[in-house]
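Asks: got a sequence here, can you build the structure:
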Amino acid sequence: MIQQSASVHSLPTKRVKVLIVDDSAIVRKMLGDALREQPDMEVVGGAPDPFIARDLILQHKPDVVTLDIEMPRMDGLTFLRRLMEHYPLPVIIISSLTQSGSAASLEALRSGAVDVIPKPGGPYSVGEVTERLINKIRMLRRSPAIRFTRPAVVAAEAERTGQHAASTAAASWKRANGLIAIGASTGGTQAIEAVLTRMPGDGPPIVIVQHMPAGFTHAFAQRLNGVCPMRVVESAGGETLERGCAYIAPGDKHLLVDRFGVQLKTRLTDGPPVHHQRPAVDVLFTAISRLVGVPTVALLLTGMGADGADGMVKLRQMGAETIAEDEHSCVVFGMPKEAIARGGAGHVATLLKMPGLIFECFDRLSKRRAS
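Replies: This is a model prediction of the structure:
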């Protein structure tokens, strides 16, 4: 297998070299034609299966690979895992919206892919798919280095304090009242799971924006619901927020929270994309910043770009406790870095320290209200 030892990957300042891996000649041509029209991108080849892709990677050393999941000779998921082990580089999954395709795409994100984009068909036109791909490649070019392996310090911390942090906070979580808001992008599926699985099942309601297309967020919610102590659902809009439940924004819909007396309810909108994203973290955070009197703890996790940074500033200005993910545990230290730079982050913490810190934040909010 090809070998590359680097655990981080930065894109060059010259034209981005892209390799397209898909068993469909039509898809290879469609993506290739769209990318060749971009002055800052170069298509170095198209491969109908992973074995040919391996040879083209060795020959051309692409900066980005697009990868189909369902292919002959070797499935895309197996190829991705081998690639991440021996030659890590940014991989964008181009996947079908079938149930099996969505589940495999989630596993691909867990295995190191930086994003998933739906294949054309159904709700997505060829133009929408290629526009998403072009925007994502440009975001990769502008983003900080991508971390494909967890640093030794984070692994050591997990071994030493992971379970202790969860058990220490769990005993007192019933005193925590309010709302938890989480925003994430690249690397976020793993990050959100790492936080939620270390939190108790009876904590305050949680609202989540993870950048992901429609058709994939339902599978993501199902995955989390199976491994987390709390109930996790894809928001349908109009739900009354309840303790012990997390609500994930559906792909292609903005998620907001409204107040009706003493109740908080979700609301979905078809507003324009923000930072090229729908759902967008800034939309959720800005809506919550208007909920006067609701104790809020907001987390901004790993991701490219700046989505959520301005919204976190507004939340902090309104008295919320805000936490940005520490660079040491980020896959991409982009969104949290922007929030820190703009003064939106009241705290900075690794994923493993967040559950205990969230409880401490609610304790501070409670004492502040009582004083």
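Asks: domain ranges for this protein?
Replies: Residue ranges of the domains in the chain are recorded as 8-147, 152-370, according to automatic domain parsing.
Asks: now those domains as CSV including mean pLDDT and mean neighbour count?
Replies: Placement of C-beta: from N, CA and C, glycine included. Supplementary listing: the domains of the chain in CSV, determined by pLDDT from 0 to 100; neighbours: other CB atoms under 10 Å:
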stretch, mean pLDDT, mean neighbour count
domain 8-147, 91, 19
domain 152-370, 91, 20
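Asks: what about the helices in the protein?
Replies: Applying DSSP state H to the chain gives helices spanning 25-36, 50-60, 76-86, 99-110, 126-142, 152-170, 188-196, 217-227, 281-289, 309-317, 335-341, 354-370.
Asks: quick one: distance of the shortest one to the chain centre.
Replies: In terms of CA atoms, centre = their mean, to the nearest Å, the centre of helix 335-341 is found 15 Å from the chain centre.
Asks: for that helix, packing partners?
Replies: strand 296-300, helix 309-317, strand 321-325 (3 or more CB pairs under 8 Å, 6 or more residues apart in numbering; DSSP states H and E).
Asks: a markdown table for these, including distance to Leu106?
Replies: Below are the helices and strands packed on helix 335-341 laid out as a markdown table (distance: least, CB to CB, whole Å):
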| stretch | distance to Leu106 |
| --- | --- |
| strand 296-300 | 20 |
| helix 309-317 | 26 |
| strand 321-325 | 20 |
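Asks: tell me which of the ones you listed lies nearest to Val64.
Replies: Ranking the helices and strands packed on helix 335-341 by proximity to Val64 (CB to CB) places strand 321-325 first, at 23.8 Å.
Asks: ok, and what's touching that closest one?
Replies: Strand 321-325 is contacted by residues 191, 296-302, 312, 315-316, 333, 336-337, 339-340, 344-351, 354, 357-358, 361-362, 364-365 when judged by CB atoms under 8 Å, 6 or more residues apart in numbering.
Asks: can you name the residues that contact Asp307?
Replies: Asp307 sits next to 183, 185, 211, 274-275, 277, 280-282, 335 when contact means CB under 8 Å, 6+ apart.
Asks: to clarify, my last question referred to Val297.
Replies: The contact partners of Val297, by CB under 8 Å, 6+ apart, come to 178-181, 320-323, 358, 361-362, 365.
Asks: again, but for Thr217
Replies: Applying CB under 8 Å, 6+ apart to Thr217 gives the contacts 210, 234, 248-251.
Asks: 6 Å - rerun?
Replies: By CB atoms under 6 Å, 6 or more residues apart in numbering, the contact list for Thr217 reads 234, 248, 250-251.
Asks: could you dump those to JSON lines with distance to Arg54?
Replies: Putting those into JSON lines (distance: CB to CB, whole Å) gives the following:
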{"residue": "Glu234", "distance to Arg54": "36"}
{"residue": "Ile248", "distance to Arg54": "36"}
{"residue": "Pro250", "distance to Arg54": "36"}
{"residue": "Gly251", "distance to Arg54": "32"}
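Asks: filter those down to the ones in strands?
Replies: Cross-referencing the contacts of Thr217 with the strands (criterion: DSSP state E) gives 234, 248 as the overlap.
Asks: which one of the contacts of Thr217 is nearest Thr269?
Replies: For the contacts of Thr217, the residue nearest Thr269 by CB to CB is Pro250; the value is 11.3 Å.
Asks: look up phi and psi at the nearest residue to Asp75 once chain neighbours are set aside.
Replies: With CB to CB, 6 or more residues apart in numbering as the measure, Ile69 is the residue that lies nearest to Asp75, at 6.6 Å, once sequence neighbours are left out. As for Ile69, its main-chain torsions (degrees, to the nearest 10) stand at phi -80, psi -50.
Asks: from Lys17, how far off is Ile69?
Replies: Ile69 sits 22 Å away from Lys17, taking CB to CB, to the nearest Å as the criterion.
Asks: and the gap between Val283 and Leu268?
Replies: In this structure, Val283 lies at 11 Å from Leu268, with CB to CB as the measure.
Asks: ok, now Asp307?
Replies: Distance, Asp307 to Leu268, using CB to CB: 18 Å.
Asks: now do Met30
Replies: Noted for Met30: a distance of 30 Å to Leu268, by CB to CB.
Asks: what of Ala25?
Replies: In this view, Ala25 and Leu268 are 38 Å apart by CB to CB.
Asks: what of Leu284?
Replies: Taking CB to CB as the measure, Leu284 and Leu268 are separated by 11 Å.
Asks: one more: His347?
Replies: His347 is 30 Å from Leu268, where distance means CB to CB.
Asks: repeat for Phe362
Replies: To Leu268, Phe362 is 27 Å away according to CB to CB.
Asks: just checking, Ala47 touches Leu56?
Replies: Yes. With contact taken as CB atoms under 6 Å, Ala47 and Leu56 are classed as touching, separated by 5.5 Å.
Asks: of the contacts of Asp307, which belong to strands?
Replies: Filtering the contacts of Asp307 for membership in strands, criterion DSSP E, returns Gly183.
Asks: now the contacts of Asp307 in CSV, with distance to Gly121?
Replies: As requested, these are arranged in CSV below (distance: CB to CB, whole Å):
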residue, distance to Gly121
Gly183, 29
Ser185, 25
His211, 21
Val274, 26
His275, 26
Gln277, 22
Ala280, 25
Val281, 28
Asp282, 30
Met335, 30
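Asks: picking up where we left off before, quick one: which of the contacts of Val297 is nearest Leu11?
Replies: If you rank the contacts of Val297 by distance to Leu11 using CB to CB, Ile323 comes first, at 28.5 Å.
Asks: beta-bridge partners for that closest one, please?
Replies: In this structure, Ile323 has beta-bridge partners Leu299, His347, where bridges are defined by DSSP bridges.
Asks: quick check: Ser24 vs Lys17, distance?
Replies: When CB to CB is the yardstick, Ser24 and Lys17 sit 21 Å from each other.
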